[in-house]
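# kindly return the folded structure for what I paste below:
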Amino acid sequence: METSRRDFLRKTGLGVLAASPLSVYARTPDELLSIEQQAQRTPPQAFNMCGYAAPKLDVVRVGIIGIGNRGMGAVERLNKLEGVEIRALCDLRAERVNLAKQKVAASGHKPETYSGTTEIWKKLADRTDLDLVYILTPWAYHTPMAVFAMNHGKHVCVEVPAAKTLEECWQLVETSERTKKHCMMVENCCYDFTELLTLNLARNGFFGEIVHCEGGYIHNLQELAFSKNHFYQLWELDEMAKRKGNLYPTHGLGPICQVLNINRGDQMDYLVSMSTNDFVLGALAKELAAKDDFYKPYVGKPFNGNMNNSTIRTKKGKTILVQYDVSSPRPYSRLQLVSGTKGVVLKYPEPARYSTGHEWMTESEYKALETKYMPPILTKMGEIAKKVGGHGGMDFLMDWRTIDCLRNGLPLDQDVYDAALWSSVGPLSAWSIAHRSNSIDVPDFTRGAWLKNQPVDISMTKGGTTGAKV
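Residues are numbered from 1 along each chain as shown. Next up, the predicted model:
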């Protein structure tokens, strides 16, 4: 299995990229300096993709790359949407694409399947009968596949994070601008019901001037990370063994950026980051290796620290705290806090709590608030999304909304600047940690366009015509 991964990296050029001076895995001072230089880049903007509406698509013809844990879920969700044709499926493992093909056959989909070699995905992305390529692979393949697909005339949906290096972030941005193809990072947490209500409240002035926000990803993945069956070829454990910092920032960060109008009225300015040592993963690897030789290669690895805290200041003087911990025995949390001059919301532990004073609202007060400010997208699709499922329905709501925007010629809720900016926290946090938590400038991927870009609107004031087969 390890040989097939190395072969893939070599053939696609990813192995060269991972060893380049621009890599976030860099450890020498000169290599780390190059990350700082990447943060200062300001190439000219070829075309502003914020607010861009591509031509309408009566039917969205989709190819899916990566039929693993997330990929199979995407197949099942897209299978329930009207106006979608699943035309191609790809995974290294033939059994996965065959299983996915069986799942969609009853709905009339007859996808071509691609499997067996490390470059077979290029044949899918090169097809002339696809409008959208949906990428759900391990992180290292996200940017190369997305860039290739856009260069071959396809819109792209790509799992989180969209990029691992600043160089990759810029590749996504410059390719999307040049090709005028959407590159949406499918950050499902932006479609969480509480986060959508919070965004609508922010748009209606409930919080006043928003001052500080917190988000994160606290999820105990000890068992899954070391599982021989969950993450194919233990790819996520490998990420934890070779990278430092906030490796997975977008779940907590995405909804916050939308609330703060980041890239659309405000912009990140600089970041500082600090991590603990690893007190869990190394010990667990040693314990498992004593019972199973399979885990011996992980003994002595310099695993990422257990808790990372990254703090961001915006151009308008707002602050954001983003936390990341996937190895401590803690209950799940995305640490959603929005604090303004007039109100506050805090989610986790659930249910979410709202306040405009010294006390949290009572249940009846919250219900009245929810009724008054319920976003139309939840009124129309909320119950349907819950029935379909996927993290409580937010996965389906995200896919429904994306397909509906493509079919109605509407801008997507998340554009390539969001994909690049939210993902950039990973390599920027690595730089800051390596420099004793000094600050580093955050690149402006919009190149000043954030001053005039309009805030994102997920209220479904337009569109809403796509049906669901539930």
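# give the other helices and strands that the host helix or strand of Thr379 contacts.
Using DSSP states H and E, the element containing Thr379 is helix 376-388. Secondary-structure packing of helix 376-388 (3 or more CB pairs under 8 Å, 6 or more residues apart in numbering; DSSP states H and E): helix 193-203, helix 394-408. From N, CA and C alone the C-beta is placed, and that goes for glycine too.
# output it in PDB, but only the C-alpha positions, please.
Presented in PDB, the C-alpha positions along helix 376-388 are these (Å, rounded to 0.1, in the frame of the first residue of the first chain):
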ATOM      1  CA  PRO A 376     -35.600  30.700   4.000                       C
ATOM      2  CA  ILE A 377     -33.200  28.000   2.900                       C
ATOM      3  CA  LEU A 378     -33.900  26.100   6.200                       C
ATOM      4  CA  THR A 379     -37.700  26.800   5.900                       C
ATOM      5  CA  LYS A 380     -37.700  25.200   2.500                       C
ATOM      6  CA  MET A 381     -35.000  22.500   2.800                       C
ATOM      7  CA  GLY A 382     -34.200  22.000   6.500                       C
ATOM      8  CA  GLU A 383     -36.600  19.100   7.200                       C
ATOM      9  CA  ILE A 384     -35.700  17.400   3.900                       C
ATOM     10  CA  ALA A 385     -32.000  17.800   4.700                       C
ATOM     11  CA  LYS A 386     -32.500  16.100   8.100                       C
ATOM     12  CA  LYS A 387     -34.200  13.200   6.500                       C
ATOM     13  CA  VAL A 388     -31.300  12.700   4.000                       C
END
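# buried ones in it?
377-378, 381-382, 384-385, 388 (16 or more other CB atoms under 10 Å).
# show me the contact partners of the helix or strand Gly254 falls within.
Taking DSSP H and E as the criterion, Gly254 maps to helix 250-259. Helix 250-259 is contacted by residues 160-161, 185, 187, 189-190, 192, 195, 198-199, 202, 210, 213-217, 262-263, 320, 322-323, 334-336, 338, 413-414, 418, 421-423, 425, 455-456, 458 when judged by CB atoms under 8 Å, 6 or more residues apart in numbering.
# ok, 6 Å please
160-161, 187, 189-190, 195, 199, 202, 213, 215-217, 320, 322, 334-335, 338, 422, 456 (CB atoms under 6 Å, 6 or more residues apart in numbering).
# go on, stretch 93-103?
By CB under 6 Å, 6+ apart, stretch 93-103 touches 67, 75, 89, 91, 111, 113, 115.
# any buried residues in that stretch, and which?
Residues 96-97, 100-101, 103 are the ones in stretch 93-103 that count as buried (16+ other CB under 10 Å).
# now stretch 152-165
For stretch 152-165, by 16+ other CB under 10 Å, it's 152, 154-165.
# show me the strands in the stretch 351-470 of the chain, by range?
Using DSSP state E, counting those that start in this stretch, the strands of the stretch 351-470 of the chain run over residues 353-355, 440-441.
# one more: the stretch 51-200 of the chain?
60-65, 84-90, 112-114, 132-135, 155-158, 183-185.
# need those strands in CSV with mean pLDDT and distance to Gln258, can you?
What follows is the strands of the stretch 51-200 of the chain, written out as CSV (pLDDT from 0 to 100; distance: least, CB to CB, whole Å):
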stretch, mean pLDDT, distance to Gln258
strand 60-65, 98, 24
strand 84-90, 98, 25
strand 112-114, 98, 35
strand 132-135, 98, 22
strand 155-158, 98, 17
strand 183-185, 98, 13
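# can I get those strands in a markdown table with distance to Thr250?
Output for those, formatted as a markdown table (distance: least, CB to CB, whole Å):
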| stretch | distance to Thr250 |
| --- | --- |
| strand 60-65 | 19 |
| strand 84-90 | 24 |
| strand 112-114 | 28 |
| strand 132-135 | 15 |
| strand 155-158 | 11 |
| strand 183-185 | 7 |
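# Gln38 is nearest to which of those strands?
The closest approach between Gln38 and any of the strands of the stretch 51-200 of the chain, judged by CB to CB, belongs to strand 183-185 at 18.6 Å.
# show me what the closest one is packed up against.
Secondary-structure packing of strand 183-185 (3 or more CB pairs under 6 Å, 6 or more residues apart in numbering; DSSP states H and E): strand 155-158, helix 416-434.
# do that again at 8 Å, thanks
Partner elements for strand 183-185 (3+ CB pairs under 8 Å, 6+ apart): strand 155-158, helix 166-179, helix 416-434.
# contact partners of that strand?
49, 146, 150, 155-162, 172, 175-176, 250, 402, 412-416, 418-419, 422-423.
# work out the gap between stretch 68-76 and the centre of the chain.
Offset of stretch 68-76 from its chain centre (CA atoms, centre = their mean, to the nearest Å): 15 Å.
# name the residues of it that are buried.
68, 70-76.
# and Cys213, what element?
Using DSSP H and E, the element containing Cys213 is strand 210-218.
# tell me how far that strand lies from the chain's centre.
So, by CA atoms, centre = their mean, the centroid of strand 210-218 is 16 Å from its chain's centroid.
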